[in-house]
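Enquirer: Please work out how this folds:
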Amino acid sequence: MFRTAECDAENGEYTVKDMASGDETTVPVEEFPPEEGLPTYEDYE
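Expert: Okay, here's the model as predicted:
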């Protein structure tokens, strides 16, 4: 899952969350979504 908030947008990033573990990481807007396939937490950790 990914989510974005106003503060994320101001910082030029998205938050990507692993729903199974609850871990989160941020991803620069330029790197999201990946060029192929659906985005996953593992793509950005």
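
Enquirer: From now on I want contacts and neighbour counts done on CA atoms only, so please keep to that.
Expert: Fine.

Enquirer: Centre-most residue in this protein?
Expert: residue 16 (3.0 Å; C-alpha atoms, centre = their mean).

Enquirer: partners of that one in the sheet?
Expert: Going by DSSP bridges, residue 16 is paired in beta bridges with residue 2, residue 25.

Enquirer: so what pLDDT did it get?
Expert: The score at residue 16 is 82. That number is its pLDDT.

Enquirer: Could you measure from it over to residue 36?
Expert: Distance of residue 16 to residue 36, given as C-alpha to C-alpha, to the nearest Å: 17 Å.

Enquirer: show me where pLDDT drops low in the protein?
Expert: Within the chain, the set of residues satisfying pLDDT under 70 comprises 1-5, 7, 9.

Enquirer: go again using 80 as the cut-off
Expert: Counting by pLDDT under 80, the chain contains low-confidence residues at 1-10, 32-41, 43-45.

Enquirer: would you list every one of the strands in it?
Expert: 2-3, 13-17, 24-28 (DSSP state E).

Enquirer: Check those strands for me and report the most buried one.
Expert: Scoring those by mean neighbour count under mean count of other C-alpha atoms under 10 Å gives strand 13-17 as the most buried, with a mean of 20.

Enquirer: Dump the C-alpha coordinates for it into CSV.
Expert: Extracted as CSV, the C-alpha positions of strand 13-17 are listed here (Å, rounded to 0.1, in the frame of the first residue of the first chain):
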residue,chain,number,x,y,z
GLU,A,13,8.0,11.8,-1.4
TYR,A,14,5.5,9.0,-0.9
THR,A,15,5.2,6.6,2.0
VAL,A,16,5.1,2.9,1.1
LYS,A,17,3.9,0.5,3.8
